[in-house]
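K.L.:
Prediction below, plus the sequence it came from.
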Amino acid sequence: MHDAPLTRLHREIDARVASIRENRPDWLCGKGCDHCCRRLAEIPQLTVAEWALLKEGLSSLAADHLREISRRMAALGRQSSRPVVCPLLDESSGACPVYAQRPVACRTYGFYAQRDLGLYCHDIESRVAAGALADVVWGNHDAIDRQLTSLGASRPLTDWFADWENRPD
């Protein structure tokens, strides 16, 4: 069973996302849009609860797919330039193979804003500025961050993955 606080947080996020999608069928974030996955400011940080869920999704992938993700994780760990491409992204299809188990940062991007850090979809921001989405009410990512902090410390995805990959069998 998944960590109850994380499950509740996912439900809150999913409700906001569903409301935005229902009221804004022209919302940019959706299947086929992978701009944020290709332009990450940093390596994603995950709490232990988020990693436990993501690990379930990773465990269900085919061995060759996991090897490719492993190769990308290792390369990302050595990469110093930014932005970065999410090592989980299937670049040919633009899809996330662990979409159902994706971290909170992935669930909120495009629907929540953290303006002080510039963490929001700039494509949507451009449409807001042009008046196309003038009535947009973004979720407050600071509230999400407070809830995530209550789930414990976070670590980079690459660290979680390396520890899991190097586990004794």
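P.N.:
Arrived safely. Residues are numbered from 1 along each chain as shown.

K.L.:
quick one: pLDDT of the residue nearest in space to the middle of the chain?
P.N.:
For the chain, C106 is the residue whose C-alpha lies nearest the centre (CA atoms, centre = their mean; 1.8 Å). According to the prediction, C106 has pLDDT 90.

K.L.:
tell me how far the helix or strand hosting it is from the chain's mean position?
P.N.:
Assigned by DSSP states H and E, C106 belongs to helix 104-108. Computed by CA atoms, centre = their mean, to the nearest Å, the chain-centroid distance of helix 104-108 equals 4 Å.

K.L.:
what's in contact with that helix?
P.N.:
Residues external to helix 104-108 that are found in contact with it (CB atoms under 8 Å, 6 or more residues apart in numbering): 6, 9-10, 13-14, 17, 36-37, 44-45, 50, 86, 96, 139, 141, 144, 148. In short, each C-beta sits where N, CA and C put it, glycine included.

K.L.:
for stretch 6-16, same thing?
P.N.:
By CB under 8 Å, 6+ apart, the residues outside stretch 6-16 that reach it are 47, 49-50, 53, 104, 107-108, 111-112, 139, 144, 147-148, 151.
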